[in-house]
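Colleague: Could you look at this predicted model? Sequence included:
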Amino acid sequence: MQGILAGILTSVDVIGLYVLLPNVRYRLFLALWTAALHMLFPLLGFELGSYLVRFLLEWGQWISSILLFCIGMHLLLFSHRDEKVMISPVLLAVTASLDTFSVSVSFGMLHLEKTIFIMSAGLSALICAYGSLVIARRSQVFFGNRIQIVAGIIFIIMSILAIQQ
């Protein structure tokens with residue numbers, strides 16, 4: 001049960017990122033790619049975790065904070081433009097899935113059931129990603145770029161909180 005819950009919780013952040021993408025052409029491809037990465041990165045985290053624990057403990061907080069801050073600033077800076085900047089679905093899925101690597105290192109130390117966690121993370125990421133992309137397309141009509149501004153501010157706040165921990 002813990003593995004399933006942990007997999008679901010590691011996939012929830014995909015909603016916050018993908019709900020901002022109203023014009024994704026290949027939603028199913030992006031959702032499947034994100035799900036695959038949500039399974040691959042934890043597998044790598046479990047396997048390589050013992051070697052990288054020292055690095056992640058020292059620099060993981062800063063890397064996470066910098067990435068969140070950059071995403072938030074990007075959202076704020078481009079929220080007032082009429083043209084939309086296109087991000088590669090491959091890069092976007094990697095960005096959305098990167099945190100599962102460091103999380104799985106700690107889950108590996110807690111001896112969480114690896115297979116159940118990885119399957120749960122992948123399935124949850126698929127559902128969260130695809131659902132968010134569908135919602136994003138529909139909500140763009142109602143909210144416009146206000147969702148992007150709010151999300152940018154939230155990501156910046158999260159980056160500040162990550163540094164303070």
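Modeller: Sure thing, it's come through.
Colleague: How far away from the center of its chain is the helix ranked longest in the chain?
Modeller: Ranked by number of residues, the top helix in the chain under DSSP state H is helix 27-78. Relative to its parent chain, helix 27-78 has a centroid offset of 7 Å by Cα atoms, centre = their mean, to the nearest Å.
Colleague: The very next helix or strand once past that helix vs helix 27-78, what angle?
Modeller: Counting by DSSP states H and E, the next helix or strand C-terminal to helix 27-78 is helix 89-109. Interaxial angle, helix 89-109 versus helix 27-78 (axes from the mean of the first three to the mean of the last three Cα atoms, to 10 degrees): 100 degrees.
Colleague: List the contacts of the nearest residue to residue 113 once chain neighbours are set aside.
Modeller: Leaving aside its sequence neighbours, residue 113 sits nearest to residue 3 (Cβ to Cβ, 6 or more residues apart in numbering; 4.4 Å). All C-beta atoms are positioned from the backbone trio N, CA, C, and that covers glycine. Residue 3 makes contact with 112-117, 120 under the criterion Cβ atoms under 8 Å, 6 or more residues apart in numbering.
Colleague: try residue 152
Modeller: Counted by Cβ under 8 Å, 6+ apart, residue 152 has contacts 71-76, 79.
Colleague: please redo it, this time with the cut-off set to 6 Å
Modeller: 72, 75-76 (Cβ atoms under 6 Å, 6 or more residues apart in numbering).
Colleague: what pLDDT does the most centrally placed residue in the chain get?
Modeller: The chain has residue 96 as the residue nearest its centroid, 2.8 Å off, counting by Cα atoms, centre = their mean. pLDDT, residue 96: 74.
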